[in-house]
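**Q** can't give you the sequence, but here's the structure:
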């Protein structure tokens with residue numbers, strides 16, 4: 001259920017999904033309705049250019065509301081992909097809990113007659129509390145969802161009991177000691193897995209070959225540490241104020257910190273939805289840092305050491321943005 005706040009509150013639409021299978025047996029079905037509503041809202045605002053004063057999404061499923069407020073990568077791919085899209089198109093604070101007895105969608109899903117539907121005020125106008133001030137709406141107390149089947153197996157509360165995994169505070173893999181970016185990442189990934197296995201119950205330990213998500217996590221951890229060493233004040237300003245100082249070397253890049261704590265650049269390409277995420281929001285790399293040197297060296301190797309500066313820049317721009325890049329690449 002979605003309502004838009006104007007001078008007179010109103011229900012914009014009610015999305016009802018029916019299934020021949022009991023919905024509580026398939027948590028994936030619950031997230032689909034929310035994904036459809038978030039996508040419709042995004043299209044309304046960005047393509048049709050409708051302007052709403054305020055939009056609220058109502059769900060009676062605590063699982064979905066908990067997922068929307070969580071980290072998408074903590075769940076299995078089906079749910080994670082949709083949670084990521086929902087979080088990109090809406091703000092988690094827009095999602096609120098509606099009691100089952102006040103949910104108009106249940107009127108259809110539980111069966112009713114045409115005659116009853118004609119006179120059902122909740123179906124046509126929504127719950128009565130929408131006509132009142134927001135302070136009198138139901139308390140939005142989001143409790144942890146009861147379904148854990150959609151969580152990845154390596155995400156366990158056991159880790160929280162031991163303590164959070166934070167490699168950044170005590171980094172032992174010095175990039176200066178490595179001549180290959182790929183080798184550094186793989187060793188870091190194995191170190192992360194070893195620590196995770198030590199903190200996990202033996203039934204959930206992983207011994208197979210490295211997965212893509214483990215390599216990606218290790219890579220982002222190394223880059224994040226390099227950024228923290230080179231731009232500590234800028235990252236602090238972004239987290240506290242949302243902007244960097246006017247004298248910062250990053251001021252012209254419109255930087256932002258993503259959900260992984262990685263510093264990224266935003267620009268006109270961020271508006272082109274057809275491009276990959278890394279192209280729209282390239283990772284900012286500091287100049288003259290060992291991590292940057294290893295990454296540039298990797299692309300020099302891809303170019304067989306004969307590619308010019310422009311070609312190396314075009315390859316790097318698919319994911320990275322180096323400060324003073326045209327000076328950095330010839331230097332290496």
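**A** Arrived safely, thanks for sending. Because the structure is a prediction, the values reported are computed rather than measured. Numbering: from 1, shown residues only.

**Q** from here on, just use CA atoms for contacts and neighbour counts.
**A** Will do.

**Q** identify the residues contacting stretch 202-220?
**A** Residues outside stretch 202-220 that contact it (Cα atoms under 8 Å, 6 or more residues apart in numbering) are 153-154, 185-186, 188-190, 192-193, 196-197, 260, 262.

**Q** and the residue most central in space within the chain, backbone torsions?
**A** Closest residue to the average C-alpha location of the chain: residue 84 at 4.8 Å, with Cα atoms, centre = their mean. Here is the backbone geometry of residue 84 (degrees, to the nearest 10): phi -60, psi -40.

**Q** before we move on, what about residue 257?
**A** Here is the backbone geometry of residue 257 (degrees, to the nearest 10): phi -110, psi 120.

**Q** quick one: residues contacting the closest residue to it other than its chain neighbours.
**A** Nearest non-adjacent residue to residue 257, counting by Cα to Cα, 6 or more residues apart in numbering: residue 263, 4.6 Å away. Listed by Cα under 8 Å, 6+ apart, the contact partners of residue 263 are 224, 227, 235, 255, 256, 257, 283, 284.

**Q** ok, the second one touching residue 286?
**A** Yes: checked against Cα atoms under 8 Å, the pair residue 227 and residue 286 is within contact range at 6.7 Å.

**Q** residue ranges with poor pLDDT in the stretch 151-300 of the chain?
**A** Low-confidence segments of the stretch 151-300 of the chain, defined by pLDDT under 70: 151-172.

**Q** residue ranges of the strands in the stretch 201-332 of the chain, please?
**A** Taking DSSP state E, counting those that start in this stretch as the criterion, the stretch 201-332 of the chain carries its strands at 255-257, 263-265, 283-285, 320-322.

**Q** and the first one, what does it pack onto?
**A** Spelled out, that is strand 255-257. If you count contacts as 3 or more Cα pairs under 8 Å, 6 or more residues apart in numbering; DSSP states H and E, strand 255-257 packs onto helix 232-241, strand 263-265.

**Q** pull up the pairing partners for that strand, direction included.
**A** Strand 255-257 has its sheet partners listed here by DSSP bridges as strand 263-265 (antiparallel).

**Q** what's the answer for the last one, then?
**A** Paired strands of strand 320-322, with direction, are strand 283-285 (parallel) (DSSP bridges).

**Q** show me what the strand it pairs with is in contact with.
**A** Applying Cα under 8 Å, 6+ apart, the contact partners of strand 283-285 are 223, 226-227, 262-265, 292, 319-323.

**Q** is it possible to get CSV of those that adds distance to residue 114?
**A** As requested, these are arranged in CSV below (distance: Cα to Cα, whole Å):
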residue, distance to residue 114
223, 60
226, 64
227, 62
262, 54
263, 55
264, 54
265, 54
292, 66
319, 56
320, 58
321, 60
322, 64
323, 65
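
**Q** looking at the residues you listed, which one is closest to residue 51?
**A** Set against residue 51, the nearest of those by Cα to Cα is residue 265 (27.3 Å).

**Q** show me what the closest one is bridged to.
**A** So, taking DSSP bridges as the rule, residue 265 has residue 255 as bridge partners.

**Q** now it: how far from residue 283?
**A** 6 Å (Cα to Cα, to the nearest Å).

**Q** common neighbours of these two, please.
**A** Overlap of the contact sets of residue 265 and residue 283 (by Cα under 8 Å, 6+ apart) consists of residue 321.

**Q** tell me where the longest strand sits in this structure.
**A** Ordering each strand of the chain by length in residues (DSSP state E) puts strand 54-59 first.

**Q** just how off-centre is stretch 105-121 within its chain?
**A** 37 Å (Cα atoms, centre = their mean, to the nearest Å).

**Q** pull out the buried positions in it.
**A** If you call a residue buried by 16 or more other Cα atoms under 10 Å, then stretch 105-121 has these buried ones: 105, 106, 107.

**Q** closest one of these to residue 251?
**A** residue 105 (47.6 Å).

**Q** and the closest one, backbone torsions?
**A** Residue torsions, per degrees, to the nearest 10, at residue 105 are phi -60, psi -30.

**Q** give me the pLDDT for it.
**A** pLDDT recorded at residue 105 is 77.

**Q** do residue 71 as well
**A** Note for residue 71: predicted pLDDT of 65.

**Q** the strands of the stretch 201-332 of the chain: which one's closest to residue 40?
**A** strand 255-257 (26.1 Å).

**Q** before we move on, back to that, between residue 265 and residue 283, which is the more surrounded one?
**A** Higher neighbour count among residue 265 and residue 283: residue 283, with 28 against 22, using other Cα atoms under 10 Å.
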